[in-house]
Each structure stands twice: as structure tokens, then as C-alpha cells.
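**Q** Any chance you can model this:
(2 chains)
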Amino acid sequence: MLARIAENLYWMGRYLERAENTARILEVQFEATAQAAPEWPSTWWRKVLDAFEAPAAIQPAEKAVVSWLAEQGENPNGLRSCLYRVHENARLTRFYLNLEIWEAVNRLRRLTGIPLLDEPVALHQFCTQICQASHLVMGITEVTLPRDQAFYLVRCGRYLERADTMLRTLGLLAAVSPEPALRDHQFRSLLRSVSALEAYRKRFRKLEAIGIGQFLLLDSDFPRSVRFSLSGLHRSLEALRRLVGGSDAALRDAGRLAATLEYCDSASEVLEREQPGLEELLARIAAVHVRLSQQYFYLGSAG
Amino acid sequence: METQDWFGELLPGTFDEVFAAPGQPRPHYRSLLSRMTSLSREELRARLGLIDLAFRDQGVTFRLHSEEQSPERPFPLDILPRLIPAREWEEVVSGLVQRVRALNAFLNDIYHDQCALRDQVVPADLVLAHPAFCREVAGIDLPFGVYTHVAGIDLIRDASGTYRVLEDNLRTPSGVSYLLANRRVMTQAVPDLLRGQKVRLVEHYPDLLLETLRSLSPRDVVDPTVVVLTPGPYNSAYFEHMFLAQQMGVELVEGADLYVDGGRVWMRSLSGPAQVDVIYRRIDDAYLDPLCFRPDSMLGVTGLISVFREGRVALANAPGSGVADDKALYAYVPRLIRYYLQEEPILANVETYLGSDPDQLEYLLAHARELVIKRVDQSGGYGMLIGSEAEPDALARYLAEVRRQPSCYVAQPRMELSAHPTYCADTERFEPRRIDLRPFILSGEQIQVLPGGLTRVALKRGSTVVNSSQGGGSKDTWVVG
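**A** Alright, predicted model coming up:
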């Protein structure tokens, strides 16, 4: 397999995961604000924008956030751009995928034609369909692709992206209102925006920042927690190295990072004492990305 | 489009929730109506389709008692929500809290000293001979003196718009899952109508319920085990049992999943027996424990009541709560409020004639045409007769039954329930339909009322029966401002 194609597969996984995560967050926040009284404060929207690295010029208000994340093609993290890139990357790597995946990706691509801003209900459908299409692609991958390089490259992309988004979403905990009713509404919508509300309720009875932090950062079984995602990344890199050989630099970085979460005493180490903090964890994920890009893609730039 | 193209004529002699007069919406409905009527017909149809689809996707259904083998049906949700201004709602809340406090005080009293019977506030017969009176509960002290932890008090508005209590549901009131599903569906299908209305949230109900249930735990442990006990998938409210268990993150169990051993209740779990602390039971008293009640019950748990009596498991609602939501006892609730709380009732009753009282029986028989007559031991619109609508034969047969067992019947003047414009697919307009309101009240250490409640709609033209079993639908209920 060409290094360039390998990179496309990795990025297909990342953009697919990014589209799903963004769609989920956007949909839930949009729904939650529709019935929030008083309105979602701008500090909350600012944190949402920060999580997606939006330029400071974007207004921290609902309409501008929806427009930035769902409408604008020039936002590299926006939904339309993610869908476009999933499609582009899949097109270049079709040889390693199969017809069913390709059809599902095409269906995903067609969603970008939907106009959103003047259609209040379209956003919900748009986001739901993106999540469903992403699940479909993942399901087909799981049940039809041989466990070869292509499979593990897509998987590396997904796990790395998932850990990254989750860390950014956890940043929202700092913006939760001190007012109890609004605070609980924000806790619930935060959990729902990472599909964790029902799973969280089964594990922790009370909605509180430390429990949410503990669950989303350190839970060993919840498939979207940072710990779970990083250990998935580590295992995928391990499998990849077994198939490809070469240096184990990226693998060791990912292993150290996964171990940091695995042996972390409690979420307050990260969220309060910042040893390491969310920013540092994000930087270390970025470092794993650089390391694996150097190793497998010769630092390509197809992303 | 013009208002008259959208809305049908108002019903005479009826309080209309939306319009103060034809074409004149009440202030709290103005912005909603202007948004709604700015939709095109096509847009409206598209939104109706979304609501329908969302309900099918979520699988929100109910099942009729009479059709066990039939498929579950969706519970139709109207697109136009019912709005209650916050100030009006606060008044209703204080009335509900007052009523539930008095009813719990009454239950605590009749299962202890029976002061109300000695002081002849309520006839002793009505309580002690009542099938729902549960001797097994007598003399035991329950946490916070509370018997009915989850209550649904049905409210209507009369022709002047005054809220009145139609009936108390203190056993296993259902409907809250529809209320929660309605709000979910509305945020998806009509976010633009919801936005800016400052609607009070309802989504925290599962948290409130769990908190209330946990506060009842007899064991002082960090994480008491709470379960929801259901009669099983053929029950009409099974969807709700499942939904609440899932939303609270607790197990949904059937009687056979539990057993009593060593004076405690256990759940057969995958990892071995787990001690159960609190049972939110959604099965009737009669089926709870074959040792105490119906020996043929397959739904209950043998020995459960003795564990409950020893204070080693909590039951919500407590057995025997039903004696306080009897249709005849209802007439005495205003007196109970005065007796226990020394307060005047905030929420009015509907005038009620008791078959057990000879004078009132005479009135009932003489004025049957103007009355709605109900059997005290039936609910859900069953066993009821609307005098003005009955065929002469049917009326005569019914009254003969009343004469035979007068104390089984009560009668009330026919109430013109308030009406609310409701979308009718055949005329493609919003026609007035009768509605009521079932708010949900949780009682533990404090009493909490979920904002709004389930607004039920009589979907058939001219019908006044809002029960889901009789072709009713519902509306999302927004406490606004």
C-alpha cells in the first residue's frame, strides 16, 4: 500500500469520526437551547467554539455557532467540510474498501446538499443522518473488511479523533452555570452530546462535574471515554506495526499516553490539579499524530 | 394565512384556552400563534409528518386493556402545545402541594390513630370497608409519613376557566413518559416554536424520581438498589415502565425476578443475588404479594409485604394508598385539607353527589339527565354514564343498578371541560377539542411538582372523554414566562 493511500485511509477515519462527533454536539446543543430559560449564556457558546478551534471573530451565539459548524464550507472542522473530505479520502482509497462502504459514503456526501439556516427542523435531520451514516460505515467496516492495514488505519484515525473531541468536550465542564437548574440541564446536554447520558446514569446516580469527568475521561468500558479511545488507538497501532513492521516510536508514544489515563487516580488530577491537564493531553495526542504521520506517511499533507 | 383559515369556531359555553374571543388570542399565546400561522400549509404538513415519524422512531405506544393481542398504538401528539403562564402555574402548584400533603396526612392517620374517623370528618365505613384499605400497612411508620410518592392529580378548567380537581390518582398513575416523549419530539419537530418562549424544563423528571425513591431506602448505604416492578410487556403502560427504568439507570424487574429470603428482598441478577432496597412498583396492590392479597397472583413476590412491614424494603407507592383516591372519598378532600392543615383548599373540587347519602342519592336519581354518573371502583372512562347522551333504555338500566348498590356510585354535574384548538386532519384546521391536565407530584422529604403535566385531548368531535383508552391524544404542555 502506498504511504499516500495509507494517509487517506487514516484521514477518512478521522473525518468520519469528527463529522459524527460534531453533528452530535451541535444537534444536542441546539435542541437543549431551544428550551433553556434563561438562554444559554455566551460563555457556554464560546467554549463550544473553542472546542472546535473557531476564530475569535465568530459570535458566541447560537445562530453564528450553527452557521460556523454546519453551514460554512470554509471551516475545516465544519460538517460540510468533514463530509466532503470523508468522501474525497474514500474515493482515493476505494481499492482497499468495498462497494458497500463506498455506497454508504456517497449517501453521506449527498447530505451536504441540504440547506439548513432557514429550515429550523432540517438541522436535527441533518445531524441525525450524519450520525447514522457514520454508524453504517463503521458497521460495514466491522463486519466485512479483513483485518488488514486498511482496517487498522481507519481505526487509528477514529480512535485518535474520538479521544481528541472528548477532551475538547470536557472543556465545557468549566463553563457550566453555578445556577442548579441550568447546571443540570447543561450536564445532561453535555452527556447526551457524547451519547453518554444513559450509560452515565447506570454508573453514577448523581449529575455532578466530578462524576462526569471521571466517566468521560477514565471509564474503562464506555467506548467514547478518553481512556477507552486511547487504549483502542494503542491496540490499533500495535496491530498495524505487526502488519507493517518498522519503528515503534508512535506505538510507544501512544502506549505511554494510554497508560497515563489507565493509571490515573481520579479525574480531578486532570480537571483540577492539571497533572496533566486537558491541554497537555491534547498536545500529547497531537504528538502521537505527528509521530505516526512521520513514520507511516512521511509527514504527508493530504489531510 | 388569515386566522379564520386556521381555526374553527369556538365552542359555546366553554372556556377556550387560546382565544378570549373569536380572533383574539390570549396574551401568552400571541407569539406562538403568530409563528404557527406564518407556516405555509406545506410546511405544516411536513412538521406533522415529522412528529408522526419521531413517535414511530421512539416507539412511544400504548396498548388497550381490551385488546391484549393487538399491536401497540402510537399516542397521537397534537402540534399546537398548551401554554400555562408561570404565574397561573405557581397557583396551581401550591394547590397541588396542599392537596397531596393533606392526602398523605390522611393516609398516615387512617393507618395509625384514625383521628379523622373518630372526629367524624370522614365516615368510617368509607375507609375501613374500602377494598383498597390495607390492614397490613396499619401501625407501621413510613419515611416522612408519605404513602403516595408519585401522584397524578387530574385537573380540568370549568366554563369560567377555574382549575378544578377531577380526580386524584394515588396508586400507580401513568402518563409521565408521554409527557417526556412529547417534549423530545417537539424540540425536534418545532424548535422554532419553542425557542424564545422560556419554557420550563421537564427532562429532569427521571432524576427527581430517582432522588425521591432513593430517599426512601431503609438501608443507609451510598448506593441503594432501586428497581421498577412491572406486570410485564402486556401491560398497557409497559412502555412507560421500561422508559423510566432506563432513564433512571435502574433494573426493570418482574415479580419472578425477585424473591424473599432471610427477611430481605433479593433480585436474581447475573452476578448472584442482589439486595433490593426500594421498589417503584407499577403493579396493583392486589397482585403485590400472593400471601397477603390475591393468592392466584403470578405477578407479585411471595412474602414481600412482611419484609415491607419490617421496614427492610420500601414500596412506592405504599400499599393501601388507593383508599384516598376513591371517587366517593374525593368529596371529602376539601374537609381533609381543612382538618389536617387548617387551610382553605386552593384548588376547588367538582361538586359531587354521593350515592351512599340518601338525600344526595335522591337528587342523583331525579337529575340523572344533567349528571355524569361514575362507579367508584372503576376508572379510565369505564363504568361511566353521561346522562345527557344516554339512550333512555341504557339510562334506565344504569339507574336500576345505582338503586341496587347506591354506595358504589357518585355523580357530578356535567363539566364543560375547557377547549383548545387542535389540528384535525380532515378539515386541515385547528378545531376546539376538550382537554384536561394531569400534573405529576413527587413526595419524599419535600413535595416537587413537574412543570406542566400531561395535557390529554378528546380527539373525537364533541367528545369529553380524554382517556387514552377512549381515543384520546395529548399536547405538549409549556409553562411559560
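**Q** Show the end-to-end separation of stretch B:236-256, please.
**A** Taking C-alpha to C-alpha, to the nearest Å, the first and last residues of stretch B:236-256 lie 19 Å apart.
**Q** for stretch B:291-305, same thing?
**A** Taking C-alpha to C-alpha as the measure, stretch B:291-305 stretches 8 Å from start to finish.
**Q** Stretch B:442-455 close to chain A?
**A** No: using C-beta under 8 Å from any C-beta of the partner chain, stretch B:442-455 stays clear of chain A, coming no nearer than 10.4 Å. C-beta: built from backbone N, CA, C; applies to glycine.
**Q** In the chain, where is pLDDT below threshold?
**A** No chain in the question, so chain A it is. Flagging of chain A using pLDDT under 70 yields the residue ranges A:36-39, A:115-118, A:299-303.
**Q** please go with chain B instead
**A** Looking at chain B by pLDDT under 70, you get B:1-4, B:59-75, B:380, B:462, B:464-471.
**Q** Give the next helix or strand downstream of the longest helix along it.
**A** In chain B, taking DSSP state H as the definition, the longest helix is helix B:86-110. Downstream of helix B:86-110, the first helix or strand assigned by DSSP states H and E is helix B:115-118.
**Q** in the longest helix of chain B, what's buried?
**A** B:89, B:92-93, B:95-110 (16 or more other C-beta atoms under 10 Å in any protein chain shown).
**Q** Tell me how many other residues crowd A:Val194.
**A** When neighbours are defined as other C-beta atoms under 10 Å in any protein chain shown, A:Val194 has 24 of them.
**Q** name the element it belongs to?
**A** Assigned by DSSP H and E, A:Val194 belongs to no helix or strand.
**Q** what residues are up against it?
**A** Residues counted as contacts of A:Val194 (C-beta atoms under 8 Å, 6 or more residues apart in numbering or on different chains) are A:21, A:24-25, A:166, A:169, A:216, A:224.
**Q** Check B:Ser174 too.
**A** Contacts of B:Ser174 (C-beta under 8 Å, 6+ apart): B:152, B:236-237, B:240, B:282.
**Q** B:Pro191 contacts A:His124, correct?
**A** Yes: using C-beta atoms under 8 Å, B:Pro191 makes contact with A:His124 at a distance of 7.3 Å.
**Q** list the residues that contact both of those two?
**A** Residues touching both B:Pro191 and A:His124 (C-beta under 8 Å, 6+ apart) are A:30-31.
**Q** related to what we said a few turns ago, which ones among the contacts of A:Val194 map onto strands?
**A** The strands in this structure, assigned by DSSP state E, contain none of these.
**Q** Surely A:Gly232 touches A:Gly157?
**A** No: using C-beta under 8 Å as the test, A:Gly232 is too far from A:Gly157 to be in contact (11.3 Å).
**Q** which of those two has more neighbours?
**A** For A:Gly232 versus A:Gly157, neighbours defined as other C-beta under 10 Å are more numerous around A:Gly157 (28 against 20).
**Q** burial count for B:Asp296?
**A** Neighbours of B:Asp296 (other C-beta under 10 Å): 7.
**Q** in chain A, which spans are helices?
**A** Listed in chain order, the helices of chain A (DSSP H) span A:3-34, A:42-51, A:62-66, A:79-92, A:99-110, A:122-144, A:149-170, A:180-192, A:197-203, A:209-213, A:226-244, A:249-262, A:267-271, A:278-297.
**Q** Any chance of a markdown table for the ones you listed, columns distance to chain B?
**A** What follows is the helices of chain A, written out as a markdown table (distance: least, C-beta to the nearest C-beta, whole Å):
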| stretch | distance to chain B |
| --- | --- |
| helix A:3-34 | 4 |
| helix A:42-51 | 15 |
| helix A:62-66 | 9 |
| helix A:79-92 | 18 |
| helix A:99-110 | 18 |
| helix A:122-144 | 5 |
| helix A:149-170 | 19 |
| helix A:180-192 | 6 |
| helix A:197-203 | 3 |
| helix A:209-213 | 12 |
| helix A:226-244 | 19 |
| helix A:249-262 | 24 |
| helix A:267-271 | 18 |
| helix A:278-297 | 27 |
